[in-house]
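**Q** Starting from these lines, generate the structure:
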Amino acid sequence: MRGMIATYRWICCQLATLMVATGLLSAAVAGQGLIYSVQRDDGPPSFLVGTMHSEDQRVIGLLAQFSPLIEQVDVVVVELVPDAVTMLAVSAAALLPLDQSLSGMVGSDRFEALVRVAAPLGLPAEMLDRMKPWAAAVTLGMPNPKTGRFLDMEIYLRALERKKTVLGLETAAEQLAVFDRLSADAQLLLLDAMVKNADELPKQLEELTAVYLQGDLALIQQVARSQYKDMPEQITRWFDEQLLDRRNAHMLARVEELLENDRLLVAVGAMHLAGETGLVAGLERLGYRVEPWP
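**A** Predicted coordinates:
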């Protein structure tokens, strides 16, 4: 279960402090990076970059490969523009109404189990009790952020330094709607599974980060899917249909529109690039040549 949540951190950009993760790495050096050129004619290419939403310095080290591309484009496109207004909106949306509590929703035994496994992460019971079930599950599925300067944020800041226009493929409301479409029962399934499998996170994060650093998109997809294949069918269907396929279609339409007028660098979670519904295959169907760079 926790592997699925770790995987989602590649997909969903910076859901405030809830969605910032530190990868645990088995690789000894910085990785190759996932960079594709995108061209339709013989003009200069745009670029598609697969990110990992991690603040580990070996992941951040990939910025050295991405930064020169920022200089070559007109517009930098990220999943969600991580400005203060967006962060506040996301944080607020993760909280229950004032007249509700998580302990009241799940019962004392389940809540006490959650508090026990969350204690090593520095998450007090009072904080957990204010969270929606999905938010508690996501928070439980990641280490505490240390700097907040994850790879996507660094790309965003580097683009601002270079006076580039920065656009988001999604709004905070669009991203949060993914969780709102998860039923109350399914949110509780998600939370229960996270509590039950709390000790598996370090190993699965290490696996995911290691394959990300290899720069092999097919292997990333293979490892990610192997880590959530045994989840309840309701959760895996939501993951595939809502977190991936539906959002990929929206992102593809937006990228297509932007490519009509500008040279882009599009930086999104690596899993958005993979598979038949991913951006690589989608852009190829639209008639673009999408090739590894350089």
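
**Q** Low-confidence ranges, the chain, go.
**A** Applying pLDDT under 70 to the chain flags residues 1-32, 143-144.

**Q** same thing but at 50, please
**A** Applying pLDDT under 50 to the chain flags the ranges 1-30.

**Q** just the strands in it please.
**A** Listed in chain order, the strands of the chain (DSSP state E) span 34-39, 46-51, 75-78, 165-168, 264-269, 289-292.

**Q** Turn those strands into TSV, including mean neighbour count.
**A** The C-beta positions use only the backbone N, C-alpha and C, and glycine is treated the same way. Output for these, formatted as TSV (neighbours: other Cβ atoms under 10 Å):
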stretch	mean neighbour count
strand 34-39	21
strand 46-51	25
strand 75-78	23
strand 165-168	16
strand 264-269	26
strand 289-292	15
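
**Q** Tell me which of those strands lies nearest to residue 191.
**A** Closest approach to residue 191 among the strands of the chain (Cβ to Cβ): strand 264-269, 22.7 Å.

**Q** Just give me how far that closest one sits from the chain centre.
**A** 13 Å (Cα atoms, centre = their mean, to the nearest Å).

**Q** That strand to strand 34-39, inter-axis angle?
**A** 150 degrees (axes from the mean of the first three to the mean of the last three Cα atoms, to 10 degrees).

**Q** contact partners of strand 264-269?
**A** Residues outside strand 264-269 that contact it (Cβ atoms under 8 Å, 6 or more residues apart in numbering): 9-13, 38, 46-53, 66, 69-70, 72-79, 152, 155, 159, 169, 251, 255, 258, 279.

**Q** looking at it, residue 40 is touching residue 289, isn't it?
**A** Yes - taking contacts as Cβ atoms under 8 Å, residue 40 lies within contact range of residue 289: 7.1 Å.

**Q** which residue packs closest to residue 198, ignoring adjacent ones?
**A** Distance criterion Cβ to Cβ, 6 or more residues apart in numbering; nearest residue to residue 198, sequence neighbours excluded, is residue 117 at 4.0 Å.

**Q** Report the separation between the one you found and residue 130.
**A** Look at residue 117 and residue 130: by Cβ to Cβ, to the nearest Å, they are 18 Å apart.

**Q** next one: residue 81
**A** Taking Cβ to Cβ, one finds residue 81 at 26 Å from residue 130.

**Q** now swap in residue 136 and tell me
**A** Noted for residue 136: a distance of 9 Å to residue 130, by Cβ to Cβ.

**Q** Of those two, which one has the most company?
**A** Neighbours per residue, other Cβ atoms under 10 Å: of residue 136 and residue 130, the larger number sits with residue 136, 28 against 16.

**Q** Now render the strands of the chain as CSV, adding distance to residue 109.
**A** Formatted as CSV, the strands of the chain follow (distance: least, Cβ to Cβ, whole Å):
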stretch, distance to residue 109
strand 34-39, 43
strand 46-51, 39
strand 75-78, 41
strand 165-168, 41
strand 264-269, 35
strand 289-292, 51
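
**Q** just to revisit the earlier point, which residues are in contact with each of residue 136 and residue 130?
**A** Listed as contacting both residue 136 and residue 130 by Cβ under 8 Å, 6+ apart are residue 102.

**Q** what about residue 260, how many neighbours?
**A** Residues contacting residue 260 under the criterion other Cβ under 10 Å number 7.

**Q** ok, it to residue 164 distance?
**A** 18 Å.

**Q** what do you get for residue 276?
**A** Counting by Cβ to Cβ, the gap from residue 276 to residue 164 is 31 Å.

**Q** Could you do residue 292 as well?
**A** To residue 164, residue 292 is 23 Å away according to Cβ to Cβ.

**Q** what's the answer for residue 236, then?
**A** Residue 236 is 38 Å from residue 164, by Cβ to Cβ.

**Q** Just list the residues touching the residue lying closest to residue 37 once chain neighbours are set aside, thanks.
**A** Using Cβ to Cβ, 6+ apart and skipping residues adjacent in sequence, the residue nearest residue 37 is residue 45, 3.9 Å away. The neighbours of residue 45, taking Cβ under 8 Å, 6+ apart as the test, are 37-39, 263, 293.
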